[in-house]
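*Asks:* need coordinates for the below:
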Amino acid sequence: MKNNERFQNRLRLCTAFFLVILFALLTSSCNAEKPKVYRVGILSGLDYMAGAVDGFKAGMAELGYVEGQNIVYDLQSTNFDIATYQRILQQFVANKVDLIFVFPTEASLEAKAATQGTDIPVLFSIANIEDTGLVDSLRKPGGNITGVRYPGPDIALKRFEIMRELVPQAKRMLVPYQRGYPIVASQLELLRPAAAAVGVTLIEAPVDNAAELQTFLDQRAASPDIGLDAILIIPEPLAVTPDAFLVLAKFAAEHQIPVGGAYAEVEGYKSVFGVNVDPPAVGKQAAFLADKILRGTPAGTIPVVSAESYFQINDSVAQELGLTVPEGLLAQANKVIH
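*Replies:* Residues are numbered from 1 along each chain as shown. Alright, predicted model coming up:
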């Protein structure tokens with residue numbers, strides 16, 4: 001009898017031990033089947049640069065982030081609308097996303113403000129850092145933010161130099177821009193002395209919207225001499241929105257003067273050249289930073305990287321305007337459109 005009781009006790013102990021082991025294995029298996037799923041809020045704040053989203057997603061996929069499996073994107077788009085920026089970002093914060101990917105400059109500034117007091121990291125792209133307070137420094141951006149810098153002042157100067165080479169007789173250049181936009185001042189600080197040194201007068205046109213820009217140009221058109229030889233678009237958001245670009249392009253076509261700086265096409269109107277960054281390439285740059293953040297590196301300790309410039313020229317538009325594109329300029333172009 002005693003032997004039988006001992007056997008039963010041992011059987012119960014073995015059964016209990018087996019159940020504990022089985023439970024541990026099942027728990028481990030369940031945990032293994034449920035990897036972390038990251039939630040990334042994306043604010044595409046300027047249609048002109050929307051290709052950065054595709055580049056970002058492609059870069060993340062190359063790094064092993066499979067959409068719908070271990071990463072989920074909440075993509076929200078608007079076109080240079082501050083109130084909408086704020087609404088979207090507030091929703092990202094309320095949803096406690098793991099990361100906010102955002103562009104351009106103004107949207108990035110709004111993202112920094114919206115995430116103050118939270119642990120949500122911000123990854124900006126196509127954003128100017130000069131005179132904006134977006135980061136503390138390139139090497140140590142600080143806070144919960146890092147990203148891919150848009151080299152606005154450098155690109156503005158390069159656009160001016162190319163316009164000069166393309167249209168050497170142009171002595172009066174219109175420079176339209178969004179009034180009060182934070183990234184403009186640092187560009188003008190470079191452009192003004194550069195223009196003065198070669199005898200070019202910059203006709204600055206700070207406006208709030210396309211309608212104001214139209215009024216400004218209508219006043220010029222009413223004079224016997226419009227007082228303009230070229231239109232130079234600098235890196236800022238207004239002139240590359242469809243409505244504003246169309247105003248500029250129609251005026252330029254009517255008066256047979258070139259419009260260039262940012263490459264755009266609206267309703268058959270085209271600029272003659274553009275110097276910018278390549279949005280998909282910038283998005284891929286941002287993906288490498290996102291990977292570091294999602295793996296646990298604090299965003300504010302990751303150095304800011306800079307985007308490379310991308311130059312394209314429309315040789316057909318140049319010919320229509322009677323301009324001869326120098327061979328050296330054609331050789332510099334990343335893309336020549338015929």
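
*Asks:* so where's the chain uncertain?
*Replies:* Scanning the chain for pLDDT under 70 picks out the ranges 1-33.

*Asks:* domain ranges for it, per the record?
*Replies:* 1-34, 38-150+280-307, 153-277+311-337 (automatic domain parsing).

*Asks:* Gly274 bridge partners, please.
*Replies:* According to DSSP bridges, Gly261, Gln312 are recorded as the beta-bridge partners of Gly274.

*Asks:* in contact with it, which residues?
*Replies:* For Gly274, the set of contacting residues under the criterion of Cβ atoms under 8 Å, 6 or more residues apart in numbering consists of Gly260, Gly261, Ala262, Tyr263, Ala264, Phe311, Gln312, Ile313. Glycine gets a C-beta too; all of them are placed from N, C-alpha and C.

*Asks:* check Gln187 too.
*Replies:* Residues in contact with Gln187 (Cβ under 8 Å, 6+ apart) are Gly152, Pro153, Ala156, Leu157, Ile234, Pro235, Glu236.

*Asks:* make a markdown table from the residues you listed and add neighbour count, distance to Val40 and secondary structure to it.
*Replies:* Listed next are those as a markdown table, based on neighbours: other Cβ atoms under 10 Å; distance: Cβ to Cβ, whole Å; DSSP: H, G, I helix; E, B strand; the rest coil:
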| residue | neighbour count | distance to Val40 | secondary structure |
| --- | --- | --- | --- |
| Gly152 | 26 | 26 | helix |
| Pro153 | 21 | 30 | helix |
| Ala156 | 27 | 31 | helix |
| Leu157 | 17 | 34 | helix |
| Ile234 | 25 | 31 | coil |
| Pro235 | 27 | 26 | coil |
| Glu236 | 25 | 27 | coil |
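
*Asks:* among those residues, which two are most distant?
*Replies:* Greatest spatial distance among the contacts of Gln187 (Cβ to Cβ): Leu157 and Glu236, at 14.3 Å.

*Asks:* need the nearest residue in space to Gly180, chain neighbours excluded.
*Replies:* Pro206 (7.5 Å; Cβ to Cβ, 6 or more residues apart in numbering).

*Asks:* hang on, the one you found packs against Leu174?
*Replies:* No. In this structure, Pro206 is not within contact of Leu174 by Cβ atoms under 8 Å, at 11.7 Å.

*Asks:* most tightly surrounded among the domains of the chain?
*Replies:* domain 38-150+280-307 (a mean of 20; mean count of other Cβ atoms under 10 Å).

*Asks:* centre of the chain to that domain, how far?
*Replies:* Between the mean C-alpha point of domain 38-150+280-307 and the mean C-alpha point of its chain there is a distance of 9 Å (Cα atoms, centre = their mean, to the nearest Å).

*Asks:* what about that domain, start to end distance?
*Replies:* Across its full length, domain 38-150+280-307 reaches 26 Å between end residues, using Cα to Cα, to the nearest Å.

*Asks:* quick one: Thr301 from Val282, how far?
*Replies:* Going from Thr301 to Val282 by Cβ to Cβ, to the nearest Å gives 21 Å.

*Asks:* quick check: chain neighbours aside, which residue is closest to the residue most central in space within the chain?
*Replies:* The centroid of the chain falls nearest to Ile126 when counting by Cα atoms, centre = their mean (3.1 Å). Nearest non-adjacent residue to Ile126, counting by Cβ to Cβ, 6+ apart: Phe103, 4.2 Å away.

*Asks:* before we move on, what about Ala61?
*Replies:* Nearest-residue entry for Ala61: Glu67, 7.3 Å, with adjacent residues in sequence omitted and distances by Cβ to Cβ, 6+ apart.

*Asks:* residue contacts, that neighbour?
*Replies:* Lys57, Met60, Ala61, Tyr73.

*Asks:* try Lys34
*Replies:* Neighbouring residues of Lys34 by Cβ under 8 Å, 6+ apart: there are none.

*Asks:* hang on, Ala156 packs against Leu190?
*Replies:* Yes. With contact defined as Cβ under 8 Å, Ala156 counts as touching Leu190 (6.4 Å).

*Asks:* and Leu134, that one's in a strand?
*Replies:* No. The assignment for Leu134 by DSSP: H, G, I helix; E, B strand; the rest coil gives coil, which leaves it out of any strand.

*Asks:* how about it, what does it touch?
*Replies:* Thr105, Ser108, Leu109, Lys112, Phe124, Ala127, Asn128, Pro141, Ile145.

*Asks:* would you map the strands across the stretch 51-200 of the chain?
*Replies:* Remark: strands assigned in the stretch 51-200 of the chain by DSSP state E, counting those that start in this stretch are 71-77, 99-103, 122-127, 145-149, 172-178.

*Asks:* which residue is the nearest non-sequential neighbour of Met60?
*Replies:* Residue nearest to Met60 in three dimensions, not counting chain neighbours: Ala287, with 4.8 Å by Cβ to Cβ, 6+ apart.

*Asks:* against Ile126, how distant is that neighbour?
*Replies:* From Ala287 across to Ile126, the span is 14 Å (Cβ to Cβ).

*Asks:* and if you look at Met60?
*Replies:* Distance, Met60 to Ile126, using Cβ to Cβ: 17 Å.

*Asks:* got it, and Val102?
*Replies:* Val102 sits 9 Å away from Ile126 when distances are taken as Cβ to Cβ.

*Asks:* check Thr324 too.
*Replies:* If you go by Cβ to Cβ, the gap between Thr324 and Ile126 works out to 33 Å.
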